[in-house]
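1. quick one, structure for this:
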Amino acid sequence: MPMEIGEQFQYVVEKIKSIRVKKGCSQMELSLCSNLSQSFIANLERGKKQPSVVTLLRIADALGVNPQDFFPEPLDLEPKERTKEKIIKLLESL
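-> Below is the predicted model:
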């Protein structure tokens, strides 16, 4: 079952904080490196602010990670070939 929007947002927020802490980076350091205010970073980590795509890119760059690292892996990781085979079988059954 896919995550709800609120769950996805919470996951992203927790992931940002987790990566920041693992890298030994304070909120102030992250704010300076990302050119965002420290209060914005604090409110983001508390779930009170929602980041734009540009903001996520700035935070990822400041932390030295890929922005994809902030998001959960998709549950359906079937290889394209298997998906393609399923579509062909479905079309053949019509």
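2. neighbouring contacts of stretch 25-41?
-> Stretch 25-41 has contacts (CB atoms under 8 Å, 6 or more residues apart in numbering) with Arg20, Ala42, Glu45, Lys49, Thr55, Arg58, Ile59, Asp61, Ala62, Leu63. (Glycine included, C-beta is placed from N, CA and C.)
3. for that stretch, measure first residue to last.
-> Using CA to CA, to the nearest Å, one end of stretch 25-41 lies 12 Å from the other.
4. any idea how far it is from the middle of the chain?
-> Remark: stretch 25-41 is offset 18 Å from the chain centroid, using CA atoms, centre = their mean, to the nearest Å.
5. hmm, back to that, if any of the contacts of stretch 25-41 are buried, give me the ChimeraX selection for them.
-> Typed into ChimeraX, the next command selects the buried ones out of the contacts of stretch 25-41 (criterion: 16 or more other CB atoms under 10 Å):
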select :20,45,55,58,59,62,63
